[in-house]
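Colleague: give me a 3D structure for the following:
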Amino acid sequence: MKTRGSFRKEKEIVKVLQELNHSGKLIIVEGLKDKHSLRESGIQNQVMTLSKKPIFQVVEDIAKVANEVVILTDFDKKGKELYGKLNSGLQKFGVKVDHYFREWLRKNTKLSHVEGLHSYIEHI
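Modeller: Numbering: from 1, shown residues only. Prediction:
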């Protein structure tokens with residue numbers, strides 16, 4: 001049985017995901033499992049996965065198609081490094097990076113990997 005606190009947490013995360021969905025912003029994730037988890041969580045935005053291309057090439061490709069993005073790389077060491085490189089590279093190209101959603105997930109959930117988002121929501 002869910003507690004009042006877990007209902008509140010579930011409502012909060014659903015609200016944040018709805019905001020993200022309505023933003024229409026391009027979302028950047030590390031891999032296909034991350035993209036799949038976002039889809040299962042109801043996110044319909046365009047989601048780009050990082051390919052085997054060098055970061056500078058990925059940044060250039062993104063800058064051609066988006067003025068504002070959300071970077072949802074994992075919260076582990078590798079994900080934080082990717083986030084830093086993408087963030088600085090995109091800003092150099094004039095692409096605005098929306099930090100709100102990443103920071104909200106980092107501060108308000110126990111997630112370490114984006115691919116676990118859907119499962120996390122189901123088990124609140």
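
Colleague: how about the contacts made by the residue nearest the centre of the chain?
Modeller: The residue lying closest to the centre of the chain (Cα atoms, centre = their mean) is residue 72, at 2.6 Å. Residue 72 sits next to 27, 28, 29, 34, 38, 101, 102, 105, 114 when contact means Cβ atoms under 8 Å, 6 or more residues apart in numbering. C-beta here means a position set from N, CA and C on the backbone, and glycine is covered the same way.

Colleague: one more: residue 117?
Modeller: Shown in contact with residue 117 (Cβ under 8 Å, 6+ apart): 37, 38, 41, 105, 111.

Colleague: just put those residues in TSV and tack on neighbour count, secondary structure and distance to residue 13.
Modeller: Below are the contacts of residue 117 laid out as TSV (neighbours: other Cβ atoms under 10 Å; DSSP: H, G, I helix; E, B strand; the rest coil; distance: Cβ to Cβ, whole Å):
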residue	neighbour count	secondary structure	distance to residue 13
37	23	helix	13
38	23	helix	13
41	19	coil	9
105	20	helix	8
111	18	coil	10
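
Colleague: returning to that earlier point: how near is the residue nearest to the centre of the chain to residue 96?
Modeller: Per Cβ to Cβ, to the nearest Å, residue 72 is found 15 Å from residue 96.

Colleague: what about the helices in this protein?
Modeller: Here the chain has its helices, by DSSP state H, at 4-23, 32-40, 55-65, 77-92, 100-108, 117-122.

Colleague: mind putting the ones you listed into TSV with mean pLDDT and distance to residue 46?
Modeller: Formatted as TSV, these follow (pLDDT from 0 to 100; distance: least, Cβ to Cβ, whole Å):
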stretch	mean pLDDT	distance to residue 46
helix 4-23	85	11
helix 32-40	97	10
helix 55-65	95	9
helix 77-92	97	15
helix 100-108	95	15
helix 117-122	91	17
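
Colleague: which one of those lies closest to residue 49?
Modeller: When the helices of the chain are compared by Cβ to Cβ, helix 32-40 sits nearest residue 49, at 5.5 Å.

Colleague: brilliant, that's me finished.
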